[in-house]
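[1] Build the 3D model from these lines:
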Amino acid sequence: QVQLVESGGGLVQPGGSLRLSCTASRSFRSIDHASWYRQAPGKERELVARISSDSNTNYADSVKGRFTISLDNARKTLYLQMNSLKPEEKAVYYCNAVIVTTIWRRLDIWGQGTLVTVSS
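    Residues are numbered from 1 along each chain as shown. So this is what the prediction gives:
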């Protein structure tokens with residue numbers, strides 16, 4: 001079973017930057033799309049950014065111009081570069097991917113989440 005392993009969360013000051021990573025534990029045949037979501041305390045999970053197999057990207061309005069999603073297929077790793085972070089962006093960030101496995105199963109899988117805290 002393919003799993004997604006996240007890293008890169010932590011404490012950053014307002015205006016600072018972080019890069020989140022999400023790596024697949026096993027090889028797979030292809031990817032439909034991959035996304036980053038976040039869930040702040042007391043709020044619903046929201047889509048932050050998505051990248052499709054043809055590299056088209058979409059962002060939440062609140063992060064446009066500050067966050068960049070990218071996918072390294074060779075390393076099976078999804079990234080989220082976050083710049084100019086704001087205190088209200090403190091949340092658990094989750095990666096998600098819809099993939100086709102080597103045995104032609106289509107899976108919708110999630111990472112375990114990584115906490116980002118923006119505070120001085």
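
[2] Do you have the strands of this structure handy? List them.
    4-7, 10-12, 18-24, 30-39, 46-52, 57-59, 67-72, 77-82, 91-100, 106-110, 114-118 (DSSP state E).

[3] got those as JSON lines, with mean pLDDT and mean neighbour count columns?
    Bear in mind the C-beta positions are built from the backbone N, C-alpha and C, glycine included. JSON lines is the format used below for these (pLDDT from 0 to 100; neighbours: other C-beta atoms under 10 Å):
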{"stretch": "strand 4-7", "mean pLDDT": "96", "mean neighbour count": "17"}
{"stretch": "strand 10-12", "mean pLDDT": "98", "mean neighbour count": "14"}
{"stretch": "strand 18-24", "mean pLDDT": "97", "mean neighbour count": "20"}
{"stretch": "strand 30-39", "mean pLDDT": "96", "mean neighbour count": "19"}
{"stretch": "strand 46-52", "mean pLDDT": "98", "mean neighbour count": "18"}
{"stretch": "strand 57-59", "mean pLDDT": "98", "mean neighbour count": "15"}
{"stretch": "strand 67-72", "mean pLDDT": "97", "mean neighbour count": "18"}
{"stretch": "strand 77-82", "mean pLDDT": "98", "mean neighbour count": "22"}
{"stretch": "strand 91-100", "mean pLDDT": "97", "mean neighbour count": "20"}
{"stretch": "strand 106-110", "mean pLDDT": "96", "mean neighbour count": "13"}
{"stretch": "strand 114-118", "mean pLDDT": "98", "mean neighbour count": "18"}
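
[4] OK, contacts around the spatially closest residue to residue 69 that is not a sequence neighbour?
    Spatial nearest neighbour of residue 69, excluding adjacent residues (C-beta to C-beta, 6 or more residues apart in numbering): residue 49 at 3.9 Å. Going by C-beta atoms under 8 Å, 6 or more residues apart in numbering, residue 49 touches 35, 36, 57, 58, 59, 60, 63, 67, 68, 69, 80.

[5] Repeat the analysis, applying 7 Å as the threshold.
    Contacts for residue 49 (C-beta atoms under 7 Å, 6 or more residues apart in numbering) come out as 35, 36, 57, 58, 59, 63, 67, 69, 80.

[6] From residue 53, how far out is the residue in the chain sticking out farthest from the centre?
    Ranked by distance from the centre of the chain (C-alpha atoms, centre = their mean), the top residue is residue 103, with 25.0 Å. Using C-beta to C-beta, to the nearest Å, residue 103 is found at 19 Å from residue 53.
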